[in-house]
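J.: Let's see this in three dimensions:
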Amino acid sequence: MAKKISKRRVELLSKIDKQKTYTIAEATQTVQALQSAKFDETVEIALNLNVDPRHADQMIRSSVVLPHGTGKTVRVAVFAKGAKVDEAIKAGADLVGNDELIEKIQAGVIEFDTVIATPDMMGTLGRVARILGPKGLMPNPKTGTVTMDVTKAVTDAKGGKVNFRVDKKGNIHAGIGKVSFGTEKIEENLKVFVRAINRAKPAASKGRYIKNGTLSLTMSPSIKLMTNELMELRN
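T.: This is a model prediction of the structure:
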């Protein structure tokens, strides 16, 4: 039996031309009309890339700081010792420590959204890699979360840094702001995000790199994006 579509869904679908591929400007304007929840919905971009992440030379994992942030309050945990503990606290980290934080994680207490670690703490973090890894929280040099520059890492995380990683089907999905940001800020965030994706293109990826892309809200249907325009977004 076919699933019944709600009246709200029908109304939202009526605001989108499903046969059309939208320019970035058109999509960011259209998405404003799709706000229907009682909360400030997140604007989400989804891209399908022409890569096979089963091969190490086609795995994409990096990060980018959005100019207008994500609109989300990010709780940052820093694993450090010595002078770097004070540096993390001054930078605004929500949790700072080492063994005591490890014990909390082992007990199932995860009170953070991002983890930053100095290189000398990675051996210690190995004890909880099986817990943090599946949640996408394990620090990684490629995303700038394993670093001695704790101040910059915390500032970036609090200021709108988005980590992205391609899944096994070649998809990348990320929140790039809140619908309340308005068209101009969402468009700027989108362009910065896609430029980062294009910069991360593996040399081994041949043919059309961005196969398709969509823009949506947390609870809305998706809007198809014009892939030629996305691929033209370079440095």
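J.: For the one helix or strand in the chain whose mean pLDDT sits lowest, name the packing helices and strands.
T.: Of all the helices and strands that make up the chain, the one with the lowest confidence by mean pLDDT, DSSP states H and E is helix 7-13; it has a mean of 76. With contacts defined as 3 or more Cβ pairs under 8 Å, 6 or more residues apart in numbering; DSSP states H and E, there are no secondary structure elements packing on helix 7-13. Quick note: C-beta positions are derived from backbone N, CA and C, even for glycine.
J.: Helix or strand next in line after it, which one?
T.: Downstream of helix 7-13, the first helix or strand assigned by DSSP states H and E is helix 24-30.
J.: What is the subsequent helix or strand relative to that next one?
T.: Downstream of helix 24-30, the first helix or strand assigned by DSSP H and E is strand 42-49.
J.: and for that following strand, what are the contacting residues?
T.: Taking Cβ atoms under 8 Å, 6 or more residues apart in numbering as the criterion, the residues outside strand 42-49 that touch it are 31, 60, 70-72, 166, 169-179, 181, 186, 189-190, 193-194, 197, 205, 209-218, 222, 225, 230.
J.: out of the residues you listed, which are inside strands?
T.: Judged by DSSP state E, the contacts of strand 42-49 include 171-178, 210-217 as members of strands.
J.: What's the PyMOL line that selects buried ones from those residues?
T.: Listed next is the PyMOL selection for buried residues among those, using 16 or more other Cβ atoms under 10 Å:
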select buried, resi 172+174+175+176+177+178+210+213+214+215+216+217
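J.: Can you pick out the most distant pair from the ones in strands among the contacts of strand 42-49?
T.: Across the ones in strands among the contacts of strand 42-49, the longest distance by Cβ to Cβ is 27.4 Å; it joins 178 and 211.
J.: what about residue 232, how many neighbours?
T.: Using other Cβ atoms under 10 Å, residue 232 is surrounded by 10 other residues.
J.: ok, it - contacts?
T.: No contacts exist for residue 232 under Cβ under 8 Å, 6+ apart.
J.: quick one: it from residue 210, how far?
T.: Relative to residue 210, residue 232 is positioned 10 Å away (criterion: Cβ to Cβ, to the nearest Å).
J.: Skip the chain neighbours and tell me the closest residue to residue 194.
T.: When the adjacent residues along the chain are set aside, residue 194 lies closest to residue 233, with 4.7 Å between them (Cβ to Cβ, 6 or more residues apart in numbering).
J.: Please, which helix or strand holds that neighbour?
T.: Counting by DSSP H and E, residue 233 is found in no helix or strand.
J.: That one contacts residue 196, correct?
T.: No: taking Cβ atoms under 8 Å as the definition, residue 233 is not a contact partner of residue 196, at 9.4 Å.
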